[in-house]
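> the sequence and its predicted three-dimensional model are supplied below.
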Protein chains: 2
Amino acid sequence: MTRNELYANIRRKKSFLCVGLDTDLRKLPEHLLSEEDPVFAFNKAIIDATADYCIAYKPNMAFYECMGLNGLQSLYKTIDYIRASYPDQFIIADAKRGDIGNTSTMYAGSFFNGMNADAVTVAPYMGQDSVTPFLGHEGRWVILLALTSNKGADDFQYMQDAQGTPLYQKVLLKSLEWGGNPDNMMYVVGATRAGMLTEIRRTVPDSFLLVPGIGAQGGSLAEVCRFGMNSNCGLIVNNSRAIIYADKTERFAEVARIKAMEIQREMESFL
Amino acid sequence: MTRNELYANIRRKKSFLCVGLDTDLRKLPEHLLSEEDPVFAFNKAIIDATADYCIAYKPNMAFYECMGLNGLQSLYKTIDYIRASYPDQFIIADAKRGDIGNTSTMYAGSFFNGMNADAVTVAPYMGQDSVTPFLGHEGRWVILLALTSNKGADDFQYMQDAQGTPLYQKVLLKSLEWGGNPDNMMYVVGATRAGMLTEIRRTVPDSFLLVPGIGAQGGSLAEVCRFGMNSNCGLIVNNSRAIIYADKTERFAEVARIKAMEIQREMESFL
């Protein structure tokens, strides 16, 4: 999917919501457990309920990998279902990969060809040759970790060099040298770090930011929009738990739809 | 596997060699391609040929994930085979994972319970809560990226704070605060960075270092041993391509055995 297609979807749906498919077998409504593939049944119901109000889905790989081959099978079915039923949705494989060049090349193949995701999250610690193999796939995206939403982000990401430049800024600056641009690279910036968005926007004014941490992790949508939005919106804001686990009864999909709609309405007010 | 068991295996086999199972379908000997599961057939032959000369196997997840469910099936079979036939081998899932706390907990479950690996490589960028969920699994290990063997390591890992402490040192120091110790944590230090080992040994004198980058990537075993060895060896040195792809004919396993033996002999001379 191109940047302009993403812009168009955001304008048309008046939403920049990404629904995180962090599907955990232990948290599913009980009545789904008798389904042949409860994880896929849950995802399908959530997708059908929320697709009107979001522009992206983000399955987190850990939740599927921990169920072994069955989990991955459920994930592939989920992605195929989104592709077939909602072709305007942007699909993010939240994998946080990154390895030496020849290995990152294999990961890129896995996610872009094998899994058919539009984007994959990548960790920057290993530098240029761990990231660039994910670039150069027409219409596919790297989403590079910059400033994450978790507490552990404080450990290294704010570390400053002798000139006072923090690590997360160096990640942004280096990524631009590597050929990252607003058409092939986005950045993860946690909603819990909204105060840093002004500075980040100075470095990457036109790039999309993928923002986790709204809801369960405590970030504020208003603050994210105030400091992080650009003239094309430029934000994809993720919400997982507050939507997909809003209700655990047979009404779970209906409640998820209402929650997604509420967030979309709030987003509309900021657009 | 405990630290003392690892020490004992190293002493008994006079080896600290880890064979990297970076099995790439495009590089397999042609006669294996007619097998029902060529990847497993290759791995089994390599393992049977090299087990006398190594103390660990390290499958890199990317090589299996890029073949989809079949690839992962081949990997599970490979690990089950090592467990059943060579229970003294240490199994490292080279996955370079790391995510927010609840997600890292799921990854730990995948690798330690689902896959039954002894150790998993973890990327430090997201800090404490992305790493600690992998700790506290009896007899299992985190192998934290410190100073990697690739060129991209120069981009961020040497970045110095105002006091002159580089990022990779901060990773070591922080990991000790998080409860990492020589019984549950090792560190990746590339063989191409042998000059930095003296300083690293000052920070983590008793910890195992997993050293990739010998062979294809150009690192020197003599240098690694000179600067990185401690009184219990303290090294696990990985070699992938120079062993497993040393020959592409029907003699591949025999040649792999000879290559592994040559490396073991060299290691013996340093012990």
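Nice, thanks for sending it over.
> how about the secondary structure of the spatially most distant residue from the centre of chain A?
Within chain A, the residue lying farthest from the chain centre (CA atoms, centre = their mean) is A:Ala162, at 32.7 Å. Judged by DSSP: H, G, I helix; E, B strand; the rest coil, the three-state class of A:Ala162 is coil.
> equivalent analysis for A:Pro87, please.
Once three-state DSSP is applied, A:Pro87 turns out coil.
> how near is it to A:Met1?
To A:Met1, A:Pro87 is 10 Å away according to CB to CB, to the nearest Å. Every residue, glycine included, has its C-beta placed from N, CA and C.
> show me what contacts the residue farthest from the centre of chain A?
Residues near A:Ala162 by CB atoms under 8 Å, 6 or more residues apart in numbering or on different chains: B:160-162.
> could you find the lowest-pLDDT member of the residues you listed?
Across the contacts of A:Ala162, no position has a lower pLDDT than B:Ala162, which has 92.
> the helix or strand containing A:Arg265: how far from the chain's middle?
Element membership for A:Arg265, per DSSP states H and E: helix A:252-270. Distance of helix A:252-270 from its chain centroid, counting by CA atoms, centre = their mean, to the nearest Å, is 17 Å.
> list the buried residues in it.
A:252-253, A:255-261, A:263-264, A:266-267, A:270 (16 or more other CB atoms under 10 Å in any protein chain shown).
> excluding its backbone neighbours, what's nearest A:Pro124?
Nearest residue to A:Pro124, sequence neighbours excluded (CB to CB, 6 or more residues apart in numbering or on different chains): A:Val171, at 4.7 Å.
> all the strands of the stretch 151-271 of chain A, in order from the start?
A:185-189, A:209-211, A:235-239 (DSSP state E, counting those that start in this stretch).
> partners of the last one, with directions?
Read it as strand A:235-239. strand A:17-21 (parallel), strand A:209-211 (parallel) (DSSP bridges).
> the first one too?
Strand pairing for strand A:185-189, determined by DSSP bridges: strand A:141-147 (parallel), strand A:209-211 (parallel).
> quick one: A:Met106 from chain B, how far?
Separation of A:Met106 from chain B (CB to the nearest CB, to the nearest Å): 4 Å.
> does that residue touch B:Met67 like I think?
No. The pair A:Met106 / B:Met67 is not scored as a contact, 9.3 Å apart, by CB atoms under 8 Å.
> which one's more surrounded, A:Pro87 and A:Met1?
Between A:Pro87 and A:Met1, A:Met1 has the larger neighbour count (other CB atoms under 10 Å in any protein chain shown), namely 18 against 8.
> near chain B at all, stretch A:35-43?
No. Residues of stretch A:35-43 are not located near chain B by CB under 8 Å from any CB of the partner chain, the shortest gap being 13.2 Å.
> that stretch: how far from the chain's middle?
22 Å.
> what sits up against that stretch?
Counting by CB under 8 Å, 6+ apart, A:21, A:23, A:25, A:28-29, A:32, A:59, A:64, A:67, A:70-71, A:73-75, A:77-78, A:81, A:244, A:252 sit against stretch A:35-43.
> how about a cut-off of 10 Å?
Stretch A:35-43 is contacted from outside by A:19, A:21, A:23-25, A:27-34, A:44, A:57, A:59, A:63-64, A:67, A:70-71, A:73-82, A:244, A:252-253, A:256, using CB atoms under 10 Å, 6 or more residues apart in numbering or on different chains.
> what about that stretch, average pLDDT?
98.
> now do the buried residues in it.
Applying a neighbour-count criterion of 16+ other CB under 10 Å, one finds A:38-43 buried in stretch A:35-43.
> same deal with stretch A:206-224?
So for stretch A:206-224, counting by 16+ other CB under 10 Å, buried means A:207-215, A:217, A:219, A:221, A:223-224.
> what do you get for stretch A:69-78?
A:69, A:71-78.
> ok, those vs A:Asp99, which is closest?
Distance to A:Asp99 across the buried residues of stretch A:69-78 (CB to CB) is lowest for A:Leu72, with 19.2 Å.
> farthest pair in the buried residues of helix A:252-270?
So, the buried residues of helix A:252-270 by CB to CB: farthest apart are A:Phe252 and A:Phe270, at 27.4 Å.
> what residue in the stretch 151-271 of chain A comes nearest to chain B?
A:Gly152 (2.6 Å; CB to the nearest CB).
> do I have it right that that residue meets B:Gly101?
Yes. Contact criterion CB atoms under 10 Å: A:Gly152 and B:Gly101 qualify, at 7.8 Å.
> now do stretch A:188-200: distance to the chain's middle.
For stretch A:188-200, the distance to the chain centre is 15 Å (CA atoms, centre = their mean).
> likewise for stretch A:67-74?
20 Å.
> I'd say A:Ile200 and A:Leu173 touch.
No. At 11.1 Å, A:Ile200 does not count as touching A:Leu173 under the criterion of CB under 10 Å.
> how about the helices in the stretch 1-150 of chain A?
A:3-13, A:38-50, A:61-65, A:68-85, A:101-108, A:128-131 (DSSP state H, counting those that start in this stretch).
> can I get the CA coordinates of the longest one in PDB?
Pointing back at helix A:68-85 there. In PDB, the C-alpha atoms belonging to helix A:68-85 read as follows (Å, rounded to 0.1, in the frame of the first residue of the first chain):
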ATOM      1  CA  GLY A  68       3.100 -23.100  17.900                       C
ATOM      2  CA  LEU A  69       2.100 -24.200  14.400                       C
ATOM      3  CA  ASN A  70      -1.600 -23.900  15.100                       C
ATOM      4  CA  GLY A  71      -1.100 -20.300  16.200                       C
ATOM      5  CA  LEU A  72       0.700 -19.400  13.000                       C
ATOM      6  CA  GLN A  73      -1.900 -21.200  10.900                       C
ATOM      7  CA  SER A  74      -4.600 -19.100  12.600                       C
ATOM      8  CA  LEU A  75      -2.600 -16.000  11.800                       C
ATOM      9  CA  TYR A  76      -2.100 -16.800   8.100                       C
ATOM     10  CA  LYS A  77      -5.900 -17.500   7.900                       C
ATOM     11  CA  THR A  78      -6.500 -14.100   9.600                       C
ATOM     12  CA  ILE A  79      -4.300 -12.300   7.100                       C
ATOM     13  CA  ASP A  80      -5.900 -14.100   4.100                       C
ATOM     14  CA  TYR A  81      -9.300 -13.200   5.500                       C
ATOM     15  CA  ILE A  82      -8.400  -9.500   5.800                       C
ATOM     16  CA  ARG A  83      -6.900  -9.400   2.300                       C
ATOM     17  CA  ALA A  84     -10.000 -11.100   0.800                       C
ATOM     18  CA  SER A  85     -12.700  -9.200   2.700                       C
END
